[in-house]
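Asker: Below: sequence and its predicted model.
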Amino acid sequence: MADVWQQIESNLLQLMVWLSQLLEPYFELLAFAWVATLLVIFGNDLLKWLKKQLAHLGLFWRLTLFVLISAFGFSLLINYCVPFIQAGLYGVAEAWRPLLIIFAFYLLGYFAQKRGLL
């Protein structure tokens, strides 16, 4: 019976490594999707905070800073975070990567549900 369990464990490990190698070329896109989804989930809070910080400025400066922060700030945030997340994915053992990827998407879905987005 122990041989059967060892065979199952070996096959499962091979499957996870194969899935990890299959997903590896897409790590940058996965990281981008995670950061973009986090911005969708929490972006409204960031914009509310920004609105409070800019409330004392005139209309021209509020609009200008809003456009700069929304267009360029969020883009810079994505471009800054994606390489770190991608490197983190490479730092995880191959056998665990597919489970981590699935868990991360479910965690993002949970956050979206808690915030009333689903």
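Answerer: Nice, thanks for sending it over.
Asker: residue contacts, the most centrally placed residue in the chain?
Answerer: The residue lying closest to the centre of the chain (Cα atoms, centre = their mean) is residue 34, at 1.9 Å. Residues near residue 34 by Cβ atoms under 8 Å, 6 or more residues apart in numbering: 85, 104-105, 108. Just so you know, the C-beta spots here come from the backbone N, C-alpha and C atoms, and that holds for glycine as well.
Asker: Could you say which helix or strand holds it?
Answerer: helix 27-54 (DSSP states H and E).
Asker: Grab the nearest non-local neighbour of residue 92.
Answerer: Nearest in space to residue 92, with sequence neighbours left out and distances taken as Cβ to Cβ, 6 or more residues apart in numbering, is residue 100 at 5.6 Å.
Asker: how near is that neighbour to residue 24?
Answerer: Distance of residue 100 to residue 24, given as Cβ to Cβ, to the nearest Å: 13 Å.
Asker: which residues are in contact with the helix or strand encompassing residue 79?
Answerer: Counting by DSSP H and E, the element that carries residue 79 is helix 74-91. The contact list for helix 74-91, computed with Cβ under 8 Å, 6+ apart, reads 27-28, 30-32, 34-36, 39, 43, 97, 100-101.
Asker: In these, which has the lowest confidence score?
Answerer: Checked by pLDDT, these have residue 43 as the lowest-scoring entry (86).
Asker: What is the neighbour count of the residue nearest to that one when sequence neighbours are not counted?
Answerer: Spatial nearest neighbour of residue 43, excluding adjacent residues (Cβ to Cβ, 6+ apart): residue 74 at 7.3 Å. Residue 74: 16 surrounding residues under other Cβ atoms under 10 Å.
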